[in-house]
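Participant: The sequence and its predicted three-dimensional model are supplied below.
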Protein chains: 4
Amino acid sequence: QLPLAVIAGPCQLESRAHGLEMASALREIAAGLGFGLVFKASFDKANRTSAGGARGMGMAQSLPVFAEIRESLRLPVLTDVHEPGQCAPVAEAVDVLQIPAFLCRQTDLLVAAAATGRVVNVKKGQFLAPWDMKNVIAKVTGAGNPRVLATERGASFGYNTLVSDMRALPIMAAMGAPVIFDATHSVQQPGGQGTSSGGQREFVPVLARAAVAVGVAGVFIETHQDPDHAPSDGPNMVPLRDFPRLIETLMEFDALAKQRAGA
Amino acid sequence: QLPLAVIAGPCQLESRAHGLEMASALREIAAGLGFGLVFKASFDKANRTSAGGARGMGMAQSLPVFAEIRESLRLPVLTDVHEPGQCAPVAEAVDVLQIPAFLCRQTDLLVAAAATGRVVNVKKGQFLAPWDMKNVIAKVTGAGNPRVLATERGASFGYNTLVSDMRALPIMAAMGAPVIFDATHSVQQPGGQGTSSGGQREFVPVLARAAVAVGVAGVFIETHQDPDHAPSDGPNMVPLRDFPRLIETLMEFDALAKQRAGA
Amino acid sequence: QLPLAVIAGPCQLESRAHGLEMASALREIAAGLGFGLVFKASFDKANRTSAGGARGMGMAQSLPVFAEIRESLRLPVLTDVHEPGQCAPVAEAVDVLQIPAFLCRQTDLLVAAAATGRVVNVKKGQFLAPWDMKNVIAKVTGAGNPRVLATERGASFGYNTLVSDMRALPIMAAMGAPVIFDATHSVQQPGGQGTSSGGQREFVPVLARAAVAVGVAGVFIETHQDPDHAPSDGPNMVPLRDFPRLIETLMEFDALAKQRAGA
Amino acid sequence: QLPLAVIAGPCQLESRAHGLEMASALREIAAGLGFGLVFKASFDKANRTSAGGARGMGMAQSLPVFAEIRESLRLPVLTDVHEPGQCAPVAEAVDVLQIPAFLCRQTDLLVAAAATGRVVNVKKGQFLAPWDMKNVIAKVTGAGNPRVLATERGASFGYNTLVSDMRALPIMAAMGAPVIFDATHSVQQPGGQGTSSGGQREFVPVLARAAVAVGVAGVFIETHQDPDHAPSDGPNMVPLRDFPRLIETLMEFDALAKQRAGA
């Protein structure tokens, strides 16, 4: 029954300067509102809708920036991994290894992430029932790492649309893993713009409120100072200027939800 | 931005005594907690999964009981109608005519309900997109009756399952009709028990919290003193003894949601 | 293992002249190719997407035309009914009473249709699992009428889209009712044009071939001499000029499917 | 408009002897019926539902067996790859590299497979719309390899269920890639048995007929001499003894479909 954690940051690390700037800005907001922040950024967008989508700075360029953010700003950092071989080097630079939704059943990747001893945040596949996450979580814990988070990010619902089933949150919580609600990817419209994914930014606060009221350990919300010009996930990122008010609201819902747990 | 309204009652009117008893009990709870109550009961379960399911007392037997509840307990009463010809006589005895989800596109029924001048509560079909409710609401308002409510009760999601898309709530609210969240039927498992529908009562508070946090005009929750022996919808009705605590929690979320509207 | 039956005609009866013309044209095609034809037309589109959609000639004007088509052209006629009270008079003029998909669980309508002794064709609701049709069929047979057909017309799949699950065909056939595949409404995009439904006419032959190869008693295909100017279902009706070639192909698949039944 | 190709074999390579035996048996059936056969077996089940599921012989043990089947039996061999680094060595031993459905958007894997110059068979993700395969195929062709196949294997439909949308076949065919219908995984019930996936073997012939009637370049059907004791995918594999009759039927549908193409 800890207070709401917030995983936030831009979709991808765009440059050292951009990463440090975003992390500083978020750190200041977190200090002001008093929430626990984990800084998130991707070093590689490995599954873009089309080959032409910007992939990011790459692992070699990004790890030093992650390490710098972690050390200079004293922020825990989260990033996603895509192949087993990436886990060990990435774990040197960050605090949380995230398993992308499409890869949530790749046993070798889960086991390699677990082996680093870092916290592992597994995103539930769009093709998975909530109860199927039990086997996914067991792949991590069975590899000797009990520090696993389960993230809801929407289920396939017809074509190019996801739906957020709020029942998934208590179902996954009952498995013992802290549950995170990813409000950014839950409003994604996969492939919805032909050669890139669309999104419905206006529903981020809607779904985030709903999830926090139900009860979660944390939220995952991507933010950017200028989402409409971001290289990826622009349509579903929250503008940085709207971020503090959104989190403040969620913190109030969280306090009430935890006071009213089980009622 | 009125406080949360609550539509509550047993799935079907089982007898005059049962109806009066339930209505009195709910009225007392409403007075204690200070919420606006509409008493709900059906006179006919016209679309049971199988022909053998109990259908209820019928219109002729039920209307006097509804009138009695309305007058003696001074409670507004809601019931559902299934054919255009039922609308006028039912409107004599109740305050709100409800259009069942399967029938939400039957133009004659909507127009006949509208013509009574009573409030019309239309349940969104399990097969309908939220934005399609615009045409449904327009059938009622176009018939000269602006007093229409739109109720979310889940969308088809594979077989024998519904999912509650919380985005539907603001989408429908933008149409101008007060939005109700039906937490009872949203947890139904249609046809899920072979010759009757199943349900997941444990998710009623989960989905109701989520919806109220997003922001609704009211909730619709069926309740019964002994759901496991109720003639219909037992698996998804909330036991009457758990009802006050549930509503109390929802009222707190409602107060916060309305204070934080748009944030 | 009878040869393929074909239920065909325009979506709605537009006028006496139009009905007779379409029926004559189809009768000639049926005679030429040697298939069993049932003429279909609706007297009332009772559940149009919006109130402004053309509803048709109405029951009083249409029944004499149906009777005339039946007698002068010696064609069996099918039409759909929407309220229990319509069943008896409609049964005087037609051979098959059809229950619309949205209404497939309305017990009174099914029982009233059954009571006429006419063949009853029930369309499976977009919200229904194939196995749930067992209870629906039992409502008709339990009312004393064993002459019931079950029609597949797509299942809800996300918003504004249907999907045809070919597994539904053998599942329903195992219930003992001849199974019809409605290729016209299976390609409908419900509500997909804002105030009317869209459709994908180009997939009618695709889905019809698939269904016939799996094995069905008949197909249901709406056709029109000028679909793009038809008052309803234009986007998913097949142009009359393409109809003979389509049916000829389906008859070849049907012959093969029935020769290879169970293999 | 080539005759139907058949990709067949056991889910996983169980041993050298088992692989050779299955390949010989299938080769004999293919010679008897006159169809083009590609032998399929997996060296690693990299995404089992649970960590306890049998994963197979591994790459090092399997590649020599694949090479032996290819050379001694003169059969083209297909297997699936899970990481970019596997592509080059696997391409030494087989003719077709298959990209698993969960991995169909992993750019590096697609590009590495393309770079081998081997045929690349990409399975459409359960979370992907048919039209989204255009971007997937372009990742392979854009890497300089035009020899790409697109395989339909079902779309997510609620939880633990897939549905086969036959419209996907012509949509993908219009992209220029030969389309394969995977009848085995289309009847999978992902995660449906708690710690493993279930399946509905009885629907393999149903869906395969439908797909072949619509028109495909080939079918993908896993088979086993004793599916109920197979280490993986047992519930949806066809017993080897039923395989010849199934293919014979499909070949007849294929001949008709190709004669009637576009009609």
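Facilitator: Arrived safely, thanks for sending. Just so it is clear, the model here is predicted, and its values are computed rather than measured.

Participant: Close to chain D: what parts of chain A are there?
Facilitator: For chain A, the residues in contact with chain D (C-beta under 8 Å from any C-beta of the partner chain) are A:46-51, A:55, A:82-85, A:102-103, A:105-108, A:111, A:125-132, A:135, A:138-139, A:142-143, A:155-156, A:159-160, A:190-191, A:195. Glycine gets a C-beta too; all of them are placed from N, C-alpha and C.

Participant: at 6 Å instead, please
Facilitator: Within reach of chain D by C-beta under 6 Å from any C-beta of the partner chain, chain A has these residues: A:46-47, A:49-51, A:83, A:102, A:105-106, A:126-127, A:129, A:132, A:135, A:139, A:142, A:156, A:159-160, A:191, A:195.

Participant: Now intersect the residues you listed with the helices, please.
Facilitator: Secondary structure from DSSP state H places A:135, A:139 of these in helices.

Participant: which among the residues of chain A next to chain D end up buried?
Facilitator: The neighbour count (16 or more other C-beta atoms under 10 Å in any protein chain shown) marks A:46-47, A:49-51, A:83, A:102, A:105-106, A:126-127, A:129, A:132, A:135, A:139, A:156, A:159-160, A:191 as buried among these.

Participant: Cross those residues against strands and list the overlap.
Facilitator: Of those, the ones assigned to strands by DSSP state E are A:Ser156.

Participant: wait, A:Arg118 sits on A:Val94?
Facilitator: No: assessed by C-beta atoms under 6 Å, A:Arg118 is found out of contact with A:Val94, at 7.1 Å.

Participant: where are the low-confidence patches of the stretch 101-250 of chain A?
Facilitator: By pLDDT under 70, the stretch 101-250 of chain A has no low-scoring segment.

Participant: returning to that earlier point: which one of A:Arg118 and A:Val94 has more residues nearby?
Facilitator: Between A:Arg118 and A:Val94, counting by other C-beta atoms under 10 Å in any protein chain shown, A:Val94 is the more crowded of the two (28 against 19).

Participant: Which strand residues bridge the residue nearest to the more buried one when sequence neighbours are not counted?
Facilitator: Spatial nearest neighbour of A:Val94, chain neighbours left out: A:Val77 (4.3 Å); criterion: C-beta to C-beta, 6 or more residues apart in numbering or on different chains. Residues in a beta bridge with A:Val77, per DSSP bridges, are A:Phe39.

Participant: so what's A:Thr161 up against?
Facilitator: Applying C-beta atoms under 6 Å, 6 or more residues apart in numbering or on different chains, we find A:Thr161 in contact with C:Gly158.

Participant: ditto for A:Asn135
Facilitator: Counting by C-beta under 6 Å, 6+ apart, A:Asn135 touches D:49-50, D:195.

Participant: Near chain B, list only the ones from the residues you listed.
Facilitator: Applying C-beta under 6 Å from any C-beta to the contacts of A:Asn135, none is adjacent to chain B.

Participant: Can you tell me which of those is closest to chain B?
Facilitator: Ranked by distance to chain B (C-beta to the nearest C-beta), these are led by D:Thr49 at 18.3 Å.

Participant: so what's that closest one scoring on pLDDT?
Facilitator: Predicted confidence (pLDDT) at D:Thr49: the value is 90.

Participant: can I assume it is in contact with D:Gly192?
Facilitator: No: D:Thr49 is beyond contact range of D:Gly192, at 9.0 Å (criterion: C-beta under 6 Å).

Participant: on that earlier part again, how much space separates the residue nearest to A:Val94 from chain C?
Facilitator: 36 Å (C-beta to the nearest C-beta, to the nearest Å).

Participant: What pairs with the biggest strand by length in chain A, parallel or antiparallel?
Facilitator: Longest strand in chain A, counting residues (DSSP E): strand A:218-224. Here strand A:218-224 has these sheet partners by DSSP bridges: strand A:5-9 (parallel), strand A:179-182 (parallel), strand A:238-239 (parallel).

Participant: which is the next helix or strand following the longest one?
Facilitator: What that stands for is strand A:5-9. Using DSSP states H and E, the helix or strand that follows strand A:5-9 in sequence is helix A:16-33.

Participant: what's next to that following helix, contact-wise?
Facilitator: Against helix A:16-33 from outside (C-beta under 6 Å, 6+ apart): A:8, A:10, A:13, A:37, A:39, A:41, A:65, A:69, A:73, A:75, A:244, A:247-248.

Participant: Going by neighbour count, which residues in it are buried?
Facilitator: Residues of helix A:16-33 classed as buried: A:18-19, A:22-23, A:26-27, A:29-30, A:33 (neighbour count, 16+ other C-beta under 10 Å).

Participant: And for stretch A:237-253?
Facilitator: For stretch A:237-253, the buried set under the neighbour-count rule, 16+ other C-beta under 10 Å, comprises A:237-238, A:240, A:243-244, A:246-253.

Participant: Then stretch A:221-240?
Facilitator: Using 16+ other C-beta under 10 Å as the test for burial, stretch A:221-240 gives A:221-225, A:227, A:230-238, A:240.

Participant: Could you point out which of the residues you listed is nearest to chain D?
Facilitator: Nearest member of the buried residues of stretch A:221-240 to chain D, counting by C-beta to the nearest C-beta, is A:Ser232, at 12.9 Å.

Participant: Pull the number of nearby residues for the closest residue to that closest one other than its chain neighbours.
Facilitator: Among residues not flanking A:Ser232 along the chain, A:Cys11 sits closest, at 4.7 Å (C-beta to C-beta, 6+ apart). The number of residues packed near A:Cys11 is 24, by other C-beta under 10 Å.

Participant: correct me, but A:Val204 touches A:Val238?
Facilitator: Yes: if you go by C-beta under 6 Å, A:Val204 and A:Val238 touch, sitting 5.5 Å apart.
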